[in-house]
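*Asks:* fold the following and give me the result.
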Amino acid sequence: MKRKMVAEFIGTFWLVLGGCGSAVLAANIPGVGIGFAGVALAFGLTVVTMAFALGHISGCHLNPAVSIGLCVGGRFEKKELMPYIISQVLGGIAGAGILYIIANGFTGFDATLSGFASNGFGTHSPLGFNMMAGFVTEVVMTMMFLIIIMGSTDERAPKGFAPIAIGLGLTLIHLISIPVTNTSVNPARSTAVAIYQGGWALKQLWLFWLAPVIGAILGAYIYRYIGAKKD
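*Replies:* Here you go, the predicted model:
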C-alpha cells in the first residue's frame with residue numbers, strides 16, 4: 001500500500017509540475033511560446049509517461065475524481081480511496097511548490113497576479129466564461145475522461161494502448177476547455193496551484209472539486225451500463 005501511495009504522489013507531482021509548469025513557464029513567451037495547444041499536449045504527456053512508468057504499481061490515477069469514479073465503477077477498492085486522494089493532493093502541492101521556486105527565479109514574477117495556472121470562472125476564466133459554463137464543462141469533460149479510462153483499461157480492450165488513449169484523451173479535453181476554465185478535471189491539480197495563487201483561486205476552488213467528482217461518477221455509471229458483458 002505504501003508503494004502505491006508513493007507512486008500516486010510522484011505521478012501527481014509530475015502532472016502538476018509538467019502540465020502547470022508548461023503554462024506558467026513556457027506558454028506565453030513572445031514569438032516562441034507553446035500556447036494553449038502546447039499546454040494541452042504537456043498535460044497529456046505527463047499522463048502517458050506516468051501511466052507507462054507507474055501504472056503497474058498504483059494504476060496511475062493521479063486525480064481524486066478518477067479514483068472516486070473508478071471506485072464507483074467497481075474498479076477500485078473503497079479502503080484505498082482516501083489514502084490515494086491524500087497522496088495525490090500532497091503530490092500536486094509538492095509539484096506546484098517546485099514550480100513556484102523555479103518561477104520566482106524570474107524577476108517580477110508574482111503567483112497571485114499571474115494566476116499561477118489556476119482554474120477559474122467569470123473574470124478568472126481565460127476567455128471570461130461564466131460559472132455555469134465552467135461547471136458544465138468540468139462535469140462533461142471529466143465524465144468523458146472516466147469513460148475513456150474505463151473503456152481503454154477494460155480487459156476486452158486492445159492490450160498495452162491504455163496509456164496512449166488516456167493521455168490523448170486528456171490532451172483533447174484541454175484543447176476544448178482551457179479557454180473556459182483553464183481545465184481542471186482534477187481536484188488535486190486545482191488545489192495545488194490555488195494554494196500558491198492564494199486569492200481568488202481558493203475562493204473558486206469548490207467548483208473544481210464538485211464538478212469533476214460529479215462528472216467522474218456519471219462517467220463511471222455510464223460505462224458500467226454500456227460496458228456490461230451482458231445486455
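*Asks:* and the closest residue to S22 other than its chain neighbours, how close does it get to T171?
*Replies:* Take S22 and drop its neighbours on the chain: the residue closest to it by C-beta to C-beta, 6 or more residues apart in numbering is A42, 3.6 Å away. Every C-beta, even on glycine, is put in place using the N, C-alpha and C of the backbone. For A42, the distance to T171 (C-beta to C-beta, to the nearest Å) stands at 9 Å.
*Asks:* and I29, by the same measure?
*Replies:* Counting by C-beta to C-beta, the gap from I29 to T171 is 21 Å.
*Asks:* now swap in H56 and tell me
*Replies:* Note on H56: its distance to T171, by C-beta to C-beta, is 22 Å.
*Asks:* L90 contacts F9, doesn't it?
*Replies:* Yes - using C-beta atoms under 8 Å, L90 is in contact with F9, at 6.0 Å.
*Asks:* more crowded one of the two?
*Replies:* Neighbour comparison, L90 and F9: the larger count goes to F9, with 23 against 18 (by other C-beta atoms under 10 Å).
*Asks:* any idea of the pLDDT on that one?
*Replies:* F9 is assigned a predicted lDDT (pLDDT) of 98.
*Asks:* surely it meets A94?
*Replies:* Yes - the criterion here is C-beta under 8 Å, and F9 meets it with A94 at 7.3 Å.
*Asks:* distance of H56 relative to M144?
*Replies:* According to C-beta to C-beta, H56 stands 25 Å off from M144.
*Asks:* of the two, who's got more company?
*Replies:* For H56 versus M144, the count of surrounding residues by other C-beta under 10 Å is larger for M144: 19 against 10.
*Asks:* output stretch 125-143 in PDB with nothing but the alpha carbons.
*Replies:* Extracted C-alpha coordinates of stretch 125-143, given in PDB (Å, rounded to 0.1, in the frame of the first residue of the first chain):
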ATOM      1  CA  SER A 125     -11.800  32.300 -16.900                       C
ATOM      2  CA  PRO A 126      -9.200  32.700 -19.700                       C
ATOM      3  CA  LEU A 127     -11.900  34.000 -22.000                       C
ATOM      4  CA  GLY A 128     -14.500  35.100 -19.400                       C
ATOM      5  CA  PHE A 129     -16.900  32.200 -19.400                       C
ATOM      6  CA  ASN A 130     -19.400  32.300 -16.500                       C
ATOM      7  CA  MET A 131     -19.800  29.900 -13.600                       C
ATOM      8  CA  MET A 132     -22.500  27.700 -15.300                       C
ATOM      9  CA  ALA A 133     -20.400  27.300 -18.400                       C
ATOM     10  CA  GLY A 134     -17.400  26.300 -16.300                       C
ATOM     11  CA  PHE A 135     -19.400  23.900 -14.200                       C
ATOM     12  CA  VAL A 136     -21.000  22.100 -17.200                       C
ATOM     13  CA  THR A 137     -17.600  22.000 -19.000                       C
ATOM     14  CA  GLU A 138     -15.900  20.400 -16.000                       C
ATOM     15  CA  VAL A 139     -18.700  17.900 -15.400                       C
ATOM     16  CA  VAL A 140     -18.800  16.800 -19.100                       C
ATOM     17  CA  MET A 141     -15.100  16.700 -19.600                       C
ATOM     18  CA  THR A 142     -14.500  14.600 -16.500                       C
ATOM     19  CA  MET A 143     -17.400  12.300 -17.400                       C
END
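*Asks:* got the buried residues for that stretch?
*Replies:* 125-126, 129, 133-135, 137-143 (16 or more other C-beta atoms under 10 Å).
*Asks:* quick one: average pLDDT of it?
*Replies:* Average pLDDT, stretch 125-143: 98.
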